[in-house]
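Trainee: here is the input, now give the coordinates:
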Amino acid sequence: MLAAELALEHGIALSCAGGTHHAHRDFGSGFCIFNDLAVTAVGLLREGAARRILVVDADVHQGDGTAAILAGESGAFTLSIHCGDNFPARKQRSDLDVSLPRGTGDEEYLSALAESLSSTIGNFGPPDLVLYDAGVDVHEDDSLGHLCVTDEGIYRRDKVGLPAHTFFCFILKPSPPLGLTSDSFASPGPSRLSLSLTRAWRGAFRLPGTWAAGTPRI
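Mentor: Numbering: from 1, shown residues only. Next up, the predicted model:
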């Protein structure tokens, strides 16, 4: 909620402790107890702080809890792009679900995301706020994710194409039990989280710069 409020105040904010999208209204699921995305969306709509909130869930798993809680909420639109052959086994209906097959790589993933965002903006209208669940478990090195998106693909994904002046809240979450990686049980260590954070932030601001020695300029 705080990150969303800061995004509305400053244009963009980032939270590293949220995205608990599997929690439902009356039960927890998938290591998620309270659904911060849904609670934030409902709270801001009730307060009148925003009229249209778009939840873009780019985690490899469908945002089932968010979809269920926000179903029928006219001021919220839920878009989930995920691996269809993955948890949860019983999917909920988002306003728009993009179910991808195992092995989907950068170009197919990014094309599907761009098309779904364009369709969403056309049908829902420009949002006042975007809650963006930027899971990195879509990465090719995540053996439990089943997608094949590269570092470059994730960087390109996180430069999400949305209307100018859209308030934007990035959400990256460490996974239980170690809390070292951004929503991944199988990623190769804490460097994945720091890479995701840096690339998401640079992607949002289009900042120039270089990585450490031996890594490419972005």
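
Trainee: which parts of the protein are helices?
Mentor: 2-10, 36-47, 64-70, 106-124, 151-157, 191-205 (DSSP state H).

Trainee: mind telling me which of the ones you listed the model trusts least?
Mentor: Here the helices of the chain differ in mean pLDDT, and the lowest is helix 191-205 at a mean of 57.

Trainee: deepest-packed of the helices of the chain, please.
Mentor: helix 64-70 (a mean of 25; mean count of other C-beta atoms under 10 Å). In short, each C-beta sits where N, CA and C put it, glycine included.

Trainee: does anything pack onto that helix? Which helices or strands?
Mentor: helix 36-47, strand 53-57, strand 76-83 (3 or more C-beta pairs under 8 Å, 6 or more residues apart in numbering; DSSP states H and E).

Trainee: and with 6 Å instead?
Mentor: Under the contact definition 3 or more C-beta pairs under 6 Å, 6 or more residues apart in numbering; DSSP states H and E, helix 64-70 sits against helix 36-47, strand 76-83.

Trainee: can you redo the ones you listed as a markdown table with distance to residue 67?
Mentor: Shown next, in a markdown table, are these (distance: least, C-beta to C-beta, whole Å):
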| stretch | distance to residue 67 |
| --- | --- |
| helix 36-47 | 9 |
| strand 76-83 | 5 |
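
Trainee: in stretch 126-146, what's buried?
Mentor: 127-142, 145-146 (16 or more other C-beta atoms under 10 Å).

Trainee: and the helices and strands packed on helix 64-70: which comes nearest residue 59?
Mentor: Nearest to residue 59, of all the helices and strands packed on helix 64-70, is strand 76-83, at 6.5 Å by C-beta to C-beta.

Trainee: contacting residues around that closest one?
Mentor: 41, 53-58, 60-63, 66-67, 70, 94-98, 100, 113, 116, 120, 124, 146-147 (C-beta atoms under 6 Å, 6 or more residues apart in numbering).

Trainee: ok, back up a step: now the helices of the chain in JSON lines, please, with extra columns for distance to residue 26.
Mentor: Putting the helices of the chain into JSON lines (distance: least, C-beta to C-beta, whole Å) gives the following:
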{"stretch": "helix 2-10", "distance to residue 26": "23"}
{"stretch": "helix 36-47", "distance to residue 26": "12"}
{"stretch": "helix 64-70", "distance to residue 26": "10"}
{"stretch": "helix 106-124", "distance to residue 26": "27"}
{"stretch": "helix 151-157", "distance to residue 26": "32"}
{"stretch": "helix 191-205", "distance to residue 26": "31"}
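
Trainee: nearest to residue 169, out of those helices?
Mentor: Among these, the nearest to residue 169 by C-beta to C-beta is helix 2-10 (4.1 Å).

Trainee: angle of the closest one against strand 53-57?
Mentor: Relative orientation of helix 2-10 and strand 53-57, computed by axes from the mean of the first three to the mean of the last three C-alpha atoms, to 10 degrees: 130 degrees.

Trainee: report the inter-axis angle for helix 2-10 versus helix 36-47.
Mentor: Using the same axes, to 10 degrees: helix 2-10 against helix 36-47 is 50 degrees.
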